[in-house]
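Q: no sequence on hand, only this structure:
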């Protein structure tokens with residue numbers, strides 16, 4: 001029996017043709033991720049780093065180009081791939097395979113320079129890699145998504161990928177194009193939960209679309225007129241048309257519109273996939289590349305997934321994939337479809353329903369817009385030669401701080417943001433875990449690399465001491481630092497902090513008014529009789545301790561917010577340390593520490609670990 005039919009289809013566990021009602025059309029939140037008209041797209045930049053460098057240097061896009069980081073290829077454009085060059089190919093081998101290969105090394109930071117540059121012959125011993133260009137271009141692309149589709153939800157998945165939830169704009173266009181979908185009137189015999197009338201018999205697919213075949217009988221028919229896999233304009237599917245198909249065709253139009261805006265405004269080509277959920281959209285985006293737009297209709301899901309090696313699916317590789325392959329002697333998705341959900345949950349725990357569903361193309365994860373500024377920023381360097389002296393340390397800390405200064409200043413251009421803390425992490429030869437030290441990062445109006453260097457070196461001295469101190473301490477171990485990382489954490493928009501600052505003030509403040517003012521009221525110019533400094537009370541909601549914060553009357557709103565924010569962050573760190581201490585005691589369990597397994601020891605999985613022991617939750 002075909003596992004895609006029969007009993008499974010009767011239960012509608014594939015959910016290929018769910019009922020669509022007027023409510024689904026008119027209520028954006030109706031059913032949420034279960035809305036049968038949900039349309040999700042994934043846009044993937046074609047060899048993004050290579051395209052960025054081609055555009056920067058105005059290189060002919062037909063030329064073979066690779067992007068180099070030290071001696072490794074991190075991007076290979078499609079003309080270069082025709083010569084058999086891949087990301088794992090060594091540079092010398094790639095140049096033999098393609099003598100006219102254009103090689104571009106990524107930008108690098110150098111000690112003494114405040115920004116990354118394209119140095120002629122950078123080496124790992126003196127330079128640090130910069131990906132700033134690619135981050136900036138990625139931000140431009142996300143902004144095009146949002147300006148082109150203001151009612152769609154956009155989630156940046158990585159520097160070169162983004163998901164788009166087209167559901168809301170598709171609903172709007174559906175009602176405009178098909179008047180019969182207008183909401184029922186009170187006098188109508190229909191109501192909001194009534195099933196929609198029959199959809200049109202034909203669908204007009206955008207010419208850019210590559211439709212995934214519905215079944216083996218459609219393989220090889222691409223380009224033929226009236227084929228369900230036509231990619232050349234208007235086509236009529238031999239399958240029964242559903243409202244999901246109509247919605248998908250509208251989403252494909254919008255998807256092409258966004259891709260065309262990227263091409264026209266920035267010059268980048270993209271590949272894209274569009275389907276009913278995030279998992280399938282990402283999967284089908286690779287169906288044809290480059291510069292392709294691939295459509296996976298509901299009816300095509302079974303045929304598309306059945307022959308796919310299941311270990312290529314995200315989170316089904318690694319340990320979990322190996323266990324499934326061994327347990328069921330399986331290679332493809334079809335090999336696992338006969339496993340009953342009860343059996344799978346009995347062997348791998350209740351969370352294995354995720355595996356059961358993803359094998360059938362079911363994914364309920366949301367498309368969520370991420371904040372424009374990351375909550376943390378990290379600059380790290382694996383050192384080719386271990387650091388043994390403070391002088392060598394200062395060189396690399398200056399390089400890392402220059403990068404952080406550039407990134408934080410760029411974030412401040414997009415909005416008034418500031419980090420709560422700065423952290424230093426170092427790892428030495430022979431140590432299994434890095435050492436760390438952190439402190440509140442004080443606000444300054446003009447941020448430079450030198451400001452960050454001063455804070456980082458203070459943490460360094462607290463963490464490792466100085467050369468003189470180590471020389472006079474006979475018990476001090478030899479310093480062999482092999483990694484240095486500096487991080488900003490708690491990066492937040494100060495506007496948000498200002499809105500919440502009212503909650504930090506006590507009821508009694510200096511001055512004639514006993515009411516609690518907002519930040520703008522405190523900013524009023526003081527009279528000559530008033531003090532230049534006032535005290536603001538912050539009461540911790542966890543321990544009820546009241547802390548006085550001194551703010552200057554002539555400070556601007558941004559400075560005042562930063563002062564209060566720093567005090568609050570330091571007190572929160574105290575509670576965080578207490579919580580870690582309590583957790584450590586629980587792990588130790590009455591003073592009996594767990595012995596770490598020796599080299600080569602395989603840790604046995606507890607029975608109640610379930611499937612979480614095999615894959616990382618998203």
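A: Now that the structure is in, tell me what you want to look at. In this text, all values refer to a predicted model and were calculated from it rather than measured experimentally.

Q: how close does the residue nearest the centre of the chain sit to residue 248?
A: Nearest residue to the geometric centre of the chain (Cα atoms, centre = their mean): residue 157, 3.9 Å. According to Cβ to Cβ, to the nearest Å, residue 157 and residue 248 sit 21 Å apart. For every residue, glycine as well, the C-beta is placed using N, CA and C.

Q: next one: residue 468
A: Residue 468 is 70 Å from residue 248, where distance means Cβ to Cβ.

Q: swap in residue 165?
A: 13 Å.

Q: identify the residues contacting the strand ranked longest in the chain?
A: Looking across the chain with DSSP state E, the single longest strand is strand 376-387. With Cβ atoms under 8 Å, 6 or more residues apart in numbering as the test, strand 376-387 has contacts from 124-125, 128, 393, 396, 399-401, 403-404, 407-408, 411, 419, 425, 428-429, 479-491.

Q: restricted to strands, list those residues.
A: 128, 425, 428, 481, 482, 483, 484, 485, 486, 487, 488, 489.

Q: by neighbour count, which of those residues wins?
A: The member of the ones in strands among the contacts of strand 376-387 surrounded by the most neighbours (other Cβ atoms under 10 Å) is residue 486, with 27 neighbours in all.

Q: without its sequence neighbours, what residue ends up closest to that one?
A: residue 400 (4.8 Å; Cβ to Cβ, 6 or more residues apart in numbering).

Q: ranges for the helices of the stretch 1-150 of the chain?
A: 7-10, 22-26, 48-57, 78-81, 91-97, 132-148 (DSSP state H, counting those that start in this stretch).

Q: reformat those helices as a markdown table; add distance to residue 459.
A: A markdown table is the format used below for the helices of the stretch 1-150 of the chain (distance: least, Cβ to Cβ, whole Å):
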| stretch | distance to residue 459 |
| --- | --- |
| helix 7-10 | 58 |
| helix 22-26 | 55 |
| helix 48-57 | 33 |
| helix 78-81 | 43 |
| helix 91-97 | 38 |
| helix 132-148 | 24 |
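
Q: nearest to residue 255, out of these?
A: Closest approach to residue 255 among these (Cβ to Cβ): helix 132-148, 10.4 Å.

Q: quick one: name whatever helix or strand follows that closest one.
A: strand 153-158 (DSSP states H and E).

Q: low pLDDT regions in the stretch 451-600 of the chain?
A: The model of the stretch 451-600 of the chain has pLDDT under 70 over residues 494-539, 541-542, 544-600.

Q: in the protein, which ranges drop under the pLDDT threshold?
A: Those would be 1-14, 28-31, 217-238, 372-373, 494-539, 541-542, 544-618, if you go by pLDDT under 70 across the chain.

Q: show me the domain layout of it.
A: Using automatic domain parsing, the domains assigned to the chain come out as 20-45+138-299, 48-131, 307-367, 376-490, 496-523+531-585.

Q: common neighbours of residue 165 and residue 248, please.
A: What both residue 165 and residue 248 touch, as defined by Cβ under 8 Å, 6+ apart, is the set residue 39.

Q: follow-up on the earlier one: okay, the domains of the chain, which one's buried deepest?
A: Ranked by mean neighbour count, the domains of the chain are led by domain 20-45+138-299 with a mean of 18 (mean count of other Cβ atoms under 10 Å).

Q: give me the distance between the two termini of that one.
A: Domain 20-45+138-299 has an end-to-end distance of 16 Å (criterion: Cα to Cα, to the nearest Å).

Q: go on, stretch 280-296?
A: End-to-end span of stretch 280-296 (Cα to Cα): 8 Å.

Q: gap between it and the chain center?
A: Put simply, stretch 280-296 sits 19 Å off its chain's centre (Cα atoms, centre = their mean, to the nearest Å).

Q: same deal with stretch 481-494?
A: Centroid separation for stretch 481-494 versus its chain: 18 Å, with Cα atoms, centre = their mean.

Q: repeat for stretch 211-218
A: Counting by Cα atoms, centre = their mean, stretch 211-218 comes out at 33 Å from the chain centroid.

Q: mind listing the strands for the stretch 101-250 of the chain?
A: 102-105, 108-110, 127-129, 153-158, 161-165, 209-211 (DSSP state E, counting those that start in this stretch).

Q: tell me the angle of the fifth one relative to helix 132-148?
A: Strand 161-165 and helix 132-148 meet at an angle of 10 degrees, taking axes from the mean of the first three to the mean of the last three Cα atoms, to 10 degrees as the criterion.

Q: got the angle between strand 161-165 and helix 48-57?
A: Going by the same axes, to 10 degrees, strand 161-165 makes 100 degrees with helix 48-57.

Q: now for strand 161-165, which elements pack on it?
A: strand 40-45, helix 132-148, strand 153-158, helix 278-284 (3 or more Cβ pairs under 8 Å, 6 or more residues apart in numbering; DSSP states H and E).

Q: now do the fourth one
A: Helices and strands in packing contact with strand 153-158 are listed as helix 132-148, strand 161-165; criterion 3+ Cβ pairs under 8 Å, 6+ apart.
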